[in-house]
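Student: Please work out how this folds:
(2 chains)
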Protein chains: 2
Amino acid sequence: MPIIDAVDFFYLAMPEVLDIGDGSQDLLLVRVQAGEHVGWGECEAAPLPSIAALVCPMSHSACKPVRDSVLGERLDSIADIDRIGDRVRANSLDLLQADHVLSGIDIALWDLLGRRESAPVWQLLGVTRPAAFLPYASVLFGDSAQETLAKSRAIREAGYRAAKFGWGPYGRGSVAEDADQVAAAREGLGPDGALLVDAGTVWEADVEAARRRLPALQAAGAVWLEEPFVSGALDAYAALARESGPVKLAGGEGSHNEWMARQMIDHGGVGYVQIDAGRIGGISPSRRVARYARERGVTYVNHTFTSHLALSASLQPFADAPDGTICEYPLEPKSLAWDATTGHLLPSPDGLLRLPDGPGLGVDPDLAALRPYLLDVDIRVGGRTLYRTPELA
Amino acid sequence: MPIIDAVDFFYLAMPEVLDIGDGSQDLLLVRVQAGEHVGWGECEAAPLPSIAALVCPMSHSACKPVRDSVLGERLDSIADIDRIGDRVRANSLDLLQADHVLSGIDIALWDLLGRRESAPVWQLLGVTRPAAFLPYASVLFGDSAQETLAKSRAIREAGYRAAKFGWGPYGRGSVAEDADQVAAAREGLGPDGALLVDAGTVWEADVEAARRRLPALQAAGAVWLEEPFVSGALDAYAALARESGPVKLAGGEGSHNEWMARQMIDHGGVGYVQIDAGRIGGISPSRRVARYARERGVTYVNHTFTSHLALSASLQPFADAPDGTICEYPLEPKSLAWDATTGHLLPSPDGLLRLPDGPGLGVDPDLAALRPYLLDVDIRVGGRTLYRTPELA
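Tutor: Model (predicted):
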């Protein structure tokens, strides 16, 4: 009867972290051990506050360090993973960062369980044949429309049939400049490629600002407009959704629990709900959201901007989607995110992406390659060491 | 033109923190300095993860340490406080803990501005005569109904006309045991006292479990049932609200941004929205929620379980409420929370509570009394010290 006896977090970062919307510049790797069994996960989260939330002293009965709800727990089955998640959510109710911390742990628990049973996670989830996803290349807008055109052409030439452009100057300049950017992305991608646009919450809750961008998006035949508003601005989402016509709204990556994702579906009117397993609490709540979305005619899509370990984790929850379902595929990750794993999820010659069938997540961390990126963390409170980066082995 | 040149966090705790639902066992004090001006605030948050989120290295353009968005900013007016809050929310969009961190900073900015202009915060907010609140004594349920009865009698004898009982065994045992607890609370309080019951999210989203407690609450004439469910379970709130009759639902303390509070009002059907200024991002968003609630016929109430600095901060946003509006008043704080300030907000002989009319929050931290509770924190990443507790002076 395996008992969880170690939960360790490793803070990895590029030598230089730039002030750009690229989430692949650092990485929080999670290792969970139960006896001789090991599982790996990743939090899509600020590493230092997450480590602090893992080990912080208790504030009161509903504000405990996340690790205290995980260590010493039995891990025999999927029900145990659910139970541990419930424990963390109850015992760390008032610890805001806890959902992000739990995410990487839940992913590692699934990986561990799969490795122990020599089964891929999707099989543990009851899927017999995982989907062949249509990966969209996810990149930042260029600083100019010309640069975006070049990026878009390169994506088409690399064989992608779908691409998402986001952040950068989009939404920050004039309506005409944004229209040029969108037209450039369409031109490079060709008339048949699926074009997705990500506004990165730039209009916060300003429906009118978003509305002015709709004609250019409609003219370019964009599939979706992503995150015009912050996650909580449900009424703004709903208002824009009523006017956006064939351009559906997408959102939900900010969801740090399944309730938020359900609200995007029930009250925000999105056509696509985007979930990052590394933020929402792991594979378990992601899976529940995927089911909830499907029952309501909303398409579940992963949000992934980091390593292929995170990519595998984020695809598992909707492995039973129909073939050809769109999925996010980070195209320009920093070397850290690429180096993080020995294997990678690569599109097949047919352009489709399939989950690996190795045990667990089917992706192994490349510990030797990661070591140069490792940042030692040392946290002391009241003279007592609460955390010191363990050996990455 | 005063520029913010220092933002410091101090982690204070009781010598022993117990595994009980008492949030007054530690305290995160915030000091903001701009030239010779100083303001004080408090985060109702896990101290260590909040300090980490204040100083952590940048992960990407929307995941920056909170301090970077505050230091060097101009602080001349209320508009500057709003601007700084917007900066933090945008620059730390992906840093979950940031809202809790911002809370104490926003409070300290208001305090600083008030002290500089020799005006109480409520006056800066445009209030000419602050409300005389009806404080409810906020305590935990006893372990037995007998113990709750004794607590409730003591509250009545201390002159309180309203009391809230929460957490402890409530919701964890049988429906009959919960009914005994509620009846005991009513008996001790006498027939006229306002009785409030706090379920502390114990039923998560289980409407049926909550429904079974309604008859006892109705029989006891409870004013509200607080937090039957977790904050995000809006549909469960709405379903129970349709059946709860004269017992209104209360909730919202988990709101870490104003969107969440608005959702409790718009989609959760609460009669009372409870906001902790130390969690939602400070006095600024609290004030906006107070207005939003009033326009929709929902009563805004503070959530406060710690010091009288936090109490003053949490009452300012609805200082323009009608006299007799109910407010939370922590009755059994640990010595840390009491010792934290030189002055205290005490009910007048008429039983009503009024905000102080001194400058800023009108409450001064008692630095000498706090020093024994101070925990030194030392955080190093990659060999570099990111945080070391400064002198508390």
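Student: when you scan the longest helix along chain A, is anything in it near chain B?
Tutor: Of all segments of type helix in chain A, defined using DSSP state H, the longest is helix A:98-116. Yes. With CB under 8 Å from any CB of the partner chain as the measure, helix A:98-116 is seen reaching chain B through A:99, A:100. For glycine as for every other residue, the C-beta is placed from the backbone atoms N, C-alpha and C.
Student: and that helix, average pLDDT?
Tutor: Mean pLDDT, computed over helix A:98-116, is 98.
Student: mean confidence score for the very next helix or strand once past it?
Tutor: Following helix A:98-116 in sequence order, the next helix or strand is helix A:121-124 (DSSP states H and E). For helix A:121-124, mean pLDDT is 98.
Student: Dump helix A:121-124 to PDB, keeping only the CA atoms.
Tutor: Listed next in PDB are the C-alpha coordinates belonging to helix A:121-124 (Å, rounded to 0.1, in the frame of the first residue of the first chain):
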ATOM      1  CA  VAL A 121      -2.900   8.300 -18.100                       C
ATOM      2  CA  TRP A 122      -5.500   8.400 -20.900                       C
ATOM      3  CA  GLN A 123      -6.100   4.700 -20.400                       C
ATOM      4  CA  LEU A 124      -6.500   5.200 -16.700                       C
END
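Student: coming back round to it: buried set for the longest helix of chain A?
Tutor: Applying a neighbour-count criterion of 16 or more other CB atoms under 10 Å in any protein chain shown, the buried positions in helix A:98-116 are A:98-116.
Student: That helix packs against which elements?
Tutor: Helix A:98-116 sits against strand A:4-13, strand A:26-34, strand A:37-43, helix A:47-55, helix A:78-91, helix A:121-124, helix A:283-295, helix A:308-315, with contacts defined as 3 or more CB pairs under 8 Å, 6 or more residues apart in numbering or on different chains; DSSP states H and E.
Student: Report the angle between the last one and helix A:283-295.
Tutor: The directions of helix A:308-315 and helix A:283-295 differ by 40 degrees, with axes from the mean of the first three to the mean of the last three CA atoms, to 10 degrees as the criterion.
Student: Note down every partner strand of the helix or strand following helix A:308-315 and its orientation.
Tutor: Using DSSP H and E, the helix or strand that follows helix A:308-315 in sequence is strand A:326-330. If you go by DSSP bridges, strand A:326-330 pairs up with strand A:132-140 (parallel).
Student: Going by contacts, tell me the helices and strands next to the next helix or strand after the partner strand.
Tutor: Moving toward the C-terminus from strand A:132-140, the next helix or strand (DSSP H and E) is helix A:145-157. Other elements packing on helix A:145-157 under the criterion 3+ CB pairs under 8 Å, 6+ apart are strand A:132-140, strand A:162-166, helix A:175-189.
Student: Can I get these in CSV including mean neighbour count?
Tutor: Putting the helices and strands packed on helix A:145-157 into CSV (neighbours: other CB atoms under 10 Å in any protein chain shown) gives the following:
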stretch, mean neighbour count
strand A:132-140, 23
strand A:162-166, 25
helix A:175-189, 20
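Student: Output those as a markdown table; include the columns mean pLDDT.
Tutor: Output for those, formatted as a markdown table (pLDDT from 0 to 100):
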| stretch | mean pLDDT |
| --- | --- |
| strand A:132-140 | 93 |
| strand A:162-166 | 94 |
| helix A:175-189 | 97 |
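Student: re earlier: what's the closest of the helices and strands packed on helix A:98-116 to residue B:27?
Tutor: Closest to residue B:27 of the helices and strands packed on helix A:98-116, according to CB to CB: helix A:47-55, at 16.9 Å.
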